[in-house]
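J.: Sequence and computational prediction follow.
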Amino acid sequence: MTETAAATRSTQVGEVTIFVRLFTALRIFTGLVFLTNGLAKVLNAGSFDLGFFSFTLITNASAKGILTDAAAKTGIRPLGAFYQSVVLPAWGFWGVFLTLAELAVGIGLLLGIASRLAAVGGLLLIGPIWILLWHTHLYLWEYPAEDLFPLVLLAIAPAGRHFGLDGRLVNRFGRRWPF
């Protein structure tokens, strides 16, 4: 191998390492977002003040309020009707489902286990809400930038294979481990 080829190879490996670390950070951060919102529903606590830092998470009550408002105002009537007639009347079940789903997505992404499946699960949770709120013109960039685009990237890239449990599972199961 020539000196130039070795230098090019070294640069490529360095660039790949940077991308691996960036995707790992994205996976862990996105996992923390879902996990903390799931925990907010479990603990029924949405507002936190740590003195130097304050933040709000989405509790079950606030999630139901968001869905109620979005379903009533959406321009996509069949989807709004589905939420008004199926999801909201049975919020006891769907609230628990949402909580468990957020916890599963958060843990999957945070630990890097079935990380692609976790990202698809996150897309299935946030996608309908984005569609319901499309007409408001408020969320065109907010949801895609914060939730949809990172989840799409994490569903495509096997980010859990590096610094995650997917890496151990792919070593054990090889190509049979799809995540």
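T.: Nice, I can see it.

J.: Does the residue positioned nearest the centre of the chain fall in a helix, a strand, or a coil region?
T.: A centroid search over the chain (C-alpha atoms, centre = their mean) returns G122, at 4.2 Å, as the residue closest to the centre. Three-state call for G122 (DSSP: H, G, I helix; E, B strand; the rest coil): helix.

J.: My read is that it contacts F34, right?
T.: Yes: with contact defined as C-beta atoms under 8 Å, G122 reaches F34; the gap is 6.1 Å. (C-beta placed from N, C-alpha, C; glycine too.)

J.: shared neighbours of the two, which are they?
T.: With contacts taken as C-beta atoms under 8 Å, 6 or more residues apart in numbering, G122 and F34 have 105, 109 as neighbours in common.

J.: The helix or strand harbouring A72 - contacts with which helices or strands?
T.: Taking DSSP states H and E as the criterion, A72 maps to helix 60-73. Contact here means 3 or more C-beta pairs under 8 Å, 6 or more residues apart in numbering; DSSP states H and E; on that basis helix 60-73 packs against helix 77-82, helix 91-111, helix 115-132.
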